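**Q** how would this look folded up:
(2 chains)
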Amino acid sequence: MVGDEFAAVMSAAQGGSEEAFSALWHDVNPALLRYLRVIAPGMAEDVAAETWSHVVRRLTSFRGDEAAWRAWLFTTARRRAIDAARRAARWAAAPLEEMAAELIPAAPDAADVALENIDTEAAIALVSALPRLQAEVILLRVVAGLDTDVVARLLGRSPGAIRVAAHRGLRRLGGNVSRAGVTL
Amino acid sequence: MPNLPWRASGVVPPSGDHPLDVLLTNGQLPPDAAPGLEPIEEVLAALRAGPSASEFSGKARAMAEFRGTVGLPRRPVPAQPWSLVTLRQRAGFRFAAAAAAVVAGAAAVAYTGSLPAPLQKAAHIALAAPAAHVAAGVPDGTGRRDHGLCNAYPRASQHGRGTEQGAAFRRLQKAVGNVAAHCRTVPHAGAAPGSTGLGGAGTSAGRNAASQGHPAGKSPHGSLHQRLGVHSGHDSGHLPRVLPGSVTRGWPGPSAGQWPGPSAGQWPGSSAGVAPRLPAAHGARPGAALALRPHTGQAARSPHARHRPSGGAMKRPARARTALSPRAHVPSHREAACGSAPGTQRSSQSHPPDLSGQNGGC
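**A** Below is the predicted model:
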């Protein structure tokens, strides 16, 4: 999060300052990749590049605070991920064993999760094991830092449904961690 | 490691949603949260952990996209100092462009035939633009179309229907300038080569020819008909016979060949057999009808003109008879002395009797 300097940084970036844009990029891109690794496994970096390309083209027309900036960014990323998934669905006709290893969505190995400290990759793996809606809600709430109302608008659900999905996802997430024998 | 029952079963004890909401919002469980939510907190903490090196791959691509779209504008190129040569070249280019535009516009106007006659002629020579008379729709100068207008122009002018009112005459005037001068140069249709053009009645040539009494074709200035713009009887007959100085206003007169010729006692335009009442001539009895002479091929007289009715209804005013009229009788010396000529009738009014007896030998 940029914090109180967001307005100045954004204004400078819209004016063409590469340093300001770099700051914005550094602040959001890791969260963006973590979100895309869950909703678009195997295509996270390409979808992230398309997202930034779209955002840069419309950067000068953006108006809002940091919350709006993140909401706009993750909304764009979600739409790009959906487009990429549709393209992959049209193109992908190869058998599963012929696919590259990095393209196969793999469930996290529970043993690995149990033996190792939970790190970011493990956490992403655990969240990926959740149902799609619960995983998105948790990622958007936790990783993107968006509130319930924004997430509701982004996903096209009611705020109550988003809250329920979040709670259920967290409990399931806790249970997956417990069954894995996570050592604290 | 403590043996927590929930950890063995993997079931998270039910708890209110409040701690989860706080966990989602703050990333930390409230102090009064029920136990068993710590794993969740850990997972969430891992999701919020700092970036790794692999998560910055793609920055170069994003920065390149940014530079190409929103990047800072390039430094403005310093303007070259103005030089006298540059100013002259620019002024020359602008002048040349303006002149080319003017010439192109004039050429376009010339091709539409809208230029004045002298300019149109020049454009016709230089640019192969349509000639003035052709472009303006007026006769082509060969005389055929001008001939009709030139024939009609004198009469129209005298009756007030010249260039002031006639559209054709205005076009001709616009094309050639001076209609009268132009008509002099227009060859008469079928005229012999070398003959002068049509003259209008009222022109000096026409008047001189008329006053000198030169018959048609014998005038040193050319044919009288040509000069006067009058057709001969065998011609199309569209124009009346108009003798110079004898044109009476208000009555164009019948066209030659169109006058059927009144038979005795008939007047065209009126009911047969009824002669119109004409203004009484001097000395005529009021109300007397005028008997017309039989048609002899001569043009009928104007009803406004005086005529001599036959039958002696109007007496000739007394005047001295002089030997001027070609028909006037020239008395011989003896007749003059004796007062009469053998075989001639003497009017008592013209030759008063000689009572003095001075003339002897009669």
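**Q** report the central residue of chain A.
**A** Most central in chain A under C-alpha atoms, centre = their mean is A:Tyr35, positioned 1.4 Å from the mean C-alpha point.
**Q** what separation do you get for that one and B:Ala123?
**A** Taking C-beta to C-beta, to the nearest Å as the measure, A:Tyr35 and B:Ala123 are separated by 78 Å. Where C-beta positions appear, they are placed from N, C-alpha and C, glycine not excepted.
**Q** residues in contact with the residue nearest to the centre of chain A?
**A** A:Phe74, A:Ala77, A:Leu139, A:Leu140, A:Val143, A:Ala144 (C-beta atoms under 8 Å, 6 or more residues apart in numbering or on different chains).
**Q** show me which of those residues is closest to B:Glu42.
**A** A:Val143 (15.0 Å; C-beta to C-beta).
**Q** quick one: contacts for the closest one?
**A** When contacts are counted by C-beta under 8 Å, 6+ apart, A:Val143 is found next to A:Ala31, A:Arg34, A:Tyr35, B:Leu47, B:Arg48.
**Q** which non-adjacent residue is nearest it?
**A** Among residues not flanking A:Val143 along the chain, A:Ala31 sits closest, at 4.7 Å (C-beta to C-beta, 6 or more residues apart in numbering or on different chains).
**Q** wait, the one you found sits on A:Ala144?
**A** Yes: when contacts are counted by C-beta atoms under 8 Å, A:Ala31 is listed as touching A:Ala144 (5.8 Å).
**Q** burial check on the residue lying closest to A:Ile39 once chain neighbours are set aside, number of neighbours?
**A** When the adjacent residues along the chain are set aside, A:Ile39 lies closest to A:Ala81, with 5.2 Å between them (C-beta to C-beta, 6+ apart). In terms of burial, A:Ala81 registers 23 neighbours under the definition other C-beta atoms under 10 Å in any protein chain shown.
**Q** now do the SS call for A:Ala81.
**A** Reducing the assignment at A:Ala81 to three states with DSSP: H, G, I helix; E, B strand; the rest coil gives helix.
**Q** can you check B:His182 too?
**A** Secondary structure of B:His182, per three-state DSSP, is helix.
**Q** just to check, it is in contact with B:Val176?
**A** Yes: the criterion here is C-beta under 8 Å, and B:His182 meets it with B:Val176 at 4.0 Å.
**Q** if you count neighbours, what's buried in stretch A:155-170?
**A** Burial within stretch A:155-170, assessed by neighbour count using 16 or more other C-beta atoms under 10 Å in any protein chain shown, is assigned to A:Leu155, A:Arg157, A:Ile162, A:Arg163, A:Val164, A:Ala165, A:Ala166, A:His167, A:Arg168, A:Gly169, A:Leu170.
**Q** closest one of those to B:Ala108?
**A** Once C-beta to C-beta is applied, the member of the buried residues of stretch A:155-170 that ends up nearest B:Ala108 is A:Leu155, at 67.5 Å.
**Q** give me the pLDDT value at that closest one.
**A** Looking at A:Leu155, its pLDDT stands at 94.
**Q** list the contacts of B:Leu29.
**A** Each residue near B:Leu29 by C-beta under 8 Å, 6+ apart is listed here: B:Pro19, B:Val22, B:Leu23, B:Leu37, B:Glu38, B:Glu41.
**Q** from the residues you listed, which land in helices?
**A** Per DSSP state H, helices hold the following members of the contacts of B:Leu29: B:Pro19, B:Val22, B:Leu23, B:Glu38, B:Glu41.
**Q** okay if I get the residues you listed as JSON lines plus pLDDT?
**A** As requested, the ones in helices among the contacts of B:Leu29 are arranged in JSON lines below (pLDDT from 0 to 100):
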{"residue": "B:Pro19", "pLDDT": "83"}
{"residue": "B:Val22", "pLDDT": "85"}
{"residue": "B:Leu23", "pLDDT": "85"}
{"residue": "B:Glu38", "pLDDT": "83"}
{"residue": "B:Glu41", "pLDDT": "87"}
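**Q** could I get those residues as a markdown table with distance to chain A and neighbour count?
**A** Listed next are the ones in helices among the contacts of B:Leu29 as a markdown table, based on distance: C-beta to the nearest C-beta, whole Å; neighbours: other C-beta atoms under 10 Å in any protein chain shown:
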| residue | distance to chain A | neighbour count |
| --- | --- | --- |
| B:Pro19 | 10 | 21 |
| B:Val22 | 11 | 14 |
| B:Leu23 | 7 | 23 |
| B:Glu38 | 7 | 17 |
| B:Glu41 | 9 | 17 |
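**Q** pull the most distant pair out of the residues you listed.
**A** B:Val22 and B:Glu38 (13.7 Å).
**Q** and the residue in the stretch 151-300 of chain B that chain A sits nearest to, what pLDDT?
**A** With C-beta to the nearest C-beta, the shortest gap between the stretch 151-300 of chain B and chain A falls at B:Lys174, namely 63.8 Å. The score at B:Lys174 is 82. That number is its pLDDT.
**Q** likewise the one 4 residues further on?
**A** pLDDT, B:Asn178: 86.
**Q** repeat that for B:Pro31.
**A** B:Pro31 is given a pLDDT of 82.
**Q** now do the one 4 residues further on
**A** The predicted local confidence for B:Pro35 comes out at a pLDDT of 78.
**Q** and the host helix or strand of B:Ala152, what does it pack onto?
**A** With the criterion set as DSSP states H and E, the secondary-structure element containing B:Ala152 is helix B:144-158. Identification of packing neighbours for helix B:144-158 by 3 or more C-beta pairs under 8 Å, 6 or more residues apart in numbering or on different chains; DSSP states H and E yields helix B:167-176, helix B:179-185.
**Q** flag every buried residue along the last one.
**A** Across helix B:179-185, burial judged by 16+ other C-beta under 10 Å covers B:Val179, B:Ala180, B:His182, B:Cys183, B:Arg184.
**Q** I'd like those laid out as a markdown table, including distance to chain A.
**A** Listed next are those as a markdown table, based on distance: C-beta to the nearest C-beta, whole Å:
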| residue | distance to chain A |
| --- | --- |
| B:Val179 | 74 |
| B:Ala180 | 78 |
| B:His182 | 74 |
| B:Cys183 | 78 |
| B:Arg184 | 81 |
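**Q** dump the residues you listed into TSV; add distance to A:Val2 as well.
**A** Output for the buried residues of helix B:179-185, formatted as TSV (distance: C-beta to C-beta, whole Å):
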residue	distance to A:Val2
B:Val179	92
B:Ala180	96
B:His182	92
B:Cys183	96
B:Arg184	99
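**Q** closest to B:Gly113 among the residues you listed?
**A** Of all the buried residues of helix B:179-185, B:His182 has the smallest distance to B:Gly113: 17.6 Å, by C-beta to C-beta.
**Q** picking that back up, out of the helices and strands packed on helix B:144-158, nearest to B:Met63?
**A** helix B:167-176 (74.8 Å).
**Q** only alpha carbons, please: show the closest one as PDB.
**A** Taking only C-alpha atoms (Å, rounded to 0.1, in the frame of the first residue of the first chain), the coordinates of helix B:167-176 have been written out as PDB:
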ATOM      1  CA  ALA B 167     -32.300  39.700 -72.200                       C
ATOM      2  CA  ALA B 168     -30.800  38.600 -75.500                       C
ATOM      3  CA  PHE B 169     -29.600  42.100 -76.200                       C
ATOM      4  CA  ARG B 170     -28.100  42.300 -72.700                       C
ATOM      5  CA  ARG B 171     -26.200  39.100 -73.300                       C
ATOM      6  CA  LEU B 172     -25.000  40.400 -76.700                       C
ATOM      7  CA  GLN B 173     -24.000  43.700 -75.100                       C
ATOM      8  CA  LYS B 174     -22.200  41.800 -72.400                       C
ATOM      9  CA  ALA B 175     -20.400  39.700 -74.900                       C
ATOM     10  CA  VAL B 176     -19.400  42.300 -77.400                       C
END
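**Q** I'm done for today, thanks for sticking with me.
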